[in-house]
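Got a sequence here, can you model it:
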Amino acid sequence: MTQIGGATYFREDPTQPAISPAEYSWFAIQTKARHEKRVAAELEEKGVVAFLPLSTEVHQWSDRRRQVQLPLFSNYLFVRIGQDRSARVNVLQTSGVFGFVGLRGIGVPIPDEQIETVQAIIREKVPFSPHPFVEVGQKVRVRGGSLDGLCGVLSAINDDRSLIVSVDSIQRSLAIRIDGYGLEPI
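Numbers count the residues shown, from 1 in each chain. Next up, the predicted model:
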C-alpha cells in the first residue's frame, strides 16, 4: 500500500508498480459444486478480495431443523482484482476454481454498480427471491428509503411490483418487492 497525495494505492506484488483502487475490477469466477465457501476462504487467505453472497434457508432433517447459509448464486463467486496477469493466475491456482466467467476464460469485468446492488440487498436484509435472468425491460432506479439509488429492471410477479437486479456475466438475477418505494426511469 502506498499513499500519494491523499490517495491510497494498492499493489498485490511489491515488485510491480502500485495499482490505484480504480484499476481493480470485479470478476465472476466459476467454482466446483458446493466449493464456493472453501474457495472464498482460500482466496481471502491469499489476500484476494472475494465476495460470496449467501442466503439463509431452513433445512429439515429427520431429527432437527437448522438454518444454513447457502451461496446465492450456486457455483459462482466474485473477486476484485487488478488487470495484471499475476492476479488472474493467483485466482486460477486456487483449488476448486474452474475459471473466469467470460470470453476465452479471461473474464469480463462486472460493473461496480451490479456488485454494490447485490451487497446492499444482502446488507439491508431485504427479502428477495431468485429470479430468471432478465435481459430486456424497463430499467429503473429506486428513490428513497434504504434502497435509494439501486438500479434494476421493473417487473410484475404475481401482481406485485418487483425490481429485478441482474449480474449480467453469470446470467443470474434477484427479485425484490418494491411496493412503497419511489421509482424513476433511467
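
Okay, the residue sitting nearest the centre point of the chain and residue 180: tell me how far apart.
Taking Cα atoms, centre = their mean, the centroid of the chain lies closest to residue 115, which sits 4.3 Å from it. Distance check for residue 115 against residue 180: by Cβ to Cβ, to the nearest Å, it reads 25 Å. Just so you know, the C-beta spots here come from the backbone N, C-alpha and C atoms, and that holds for glycine as well.

Residue 55 now?
23 Å.

who has more neighbours, those two?
Neighbour tally, residue 55 and residue 180, criterion other Cβ atoms under 10 Å: the higher count belongs to residue 55, 15 against 8.

Can you say which helix or strand has the more buried one in it?
strand 54-60 (DSSP states H and E).

Can you list the buried residues in that strand?
Neighbour counts over strand 54-60 (16 or more other Cβ atoms under 10 Å) mark no residue as buried.

Could you pull up the mean pLDDT of that strand?
What strand 54-60 shows for mean pLDDT is 90.

Neighbouring strands - and their directions - for it?
strand 65-71 (antiparallel) (DSSP bridges).

where along the protein do the strands fall?
Ranges of strands within the chain are 2-4, 7-9, 25-31, 49-51, 54-60, 65-71, 76-81, 97-100, 128-131, 139-143, 151-157, 160-167, 172-177, 182-185, based on DSSP state E.

Looking at those, which is nearest to residue 90?
Closest of the strands of the chain to residue 90 is strand 76-81, at 7.8 Å (criterion: Cβ to Cβ).

from the middle of its chain, how far away would that closest one be?
Centroid separation between strand 76-81 and its chain, computed with Cα atoms, centre = their mean, to the nearest Å, is 7 Å.

Check which helices and strands that strand sits against.
Under the contact criterion of 3 or more Cβ pairs under 8 Å, 6 or more residues apart in numbering; DSSP states H and E, strand 76-81 touches strand 25-31, helix 36-45, strand 49-51, helix 85-92.

Next up, phi/psi of the residue lying closest to residue 38 once chain neighbours are set aside, please.
The shortest distance from residue 38 to any non-neighbouring residue, by Cβ to Cβ, 6 or more residues apart in numbering, is to residue 96 (5.8 Å). When read as degrees, to the nearest 10, the backbone of residue 96 gives phi 100, psi -10.

how many other residues sit next to residue 96?
When neighbours are counted by other Cβ under 10 Å, residue 96 comes out with 18.

mind listing what it touches?
Contacts of residue 96 were listed using Cβ atoms under 8 Å, 6 or more residues apart in numbering, and they are 31, 32, 35, 38, 39, 42.

how about a cut-off of 7 Å?
31, 32, 35, 38, 39 (Cβ atoms under 7 Å, 6 or more residues apart in numbering).

list the contacts for the second one?
Going back to what we said before, that points to residue 32. 96, 98.

do you know how far it is from residue 128?
25 Å.

Repeat that for residue 52.
16 Å.
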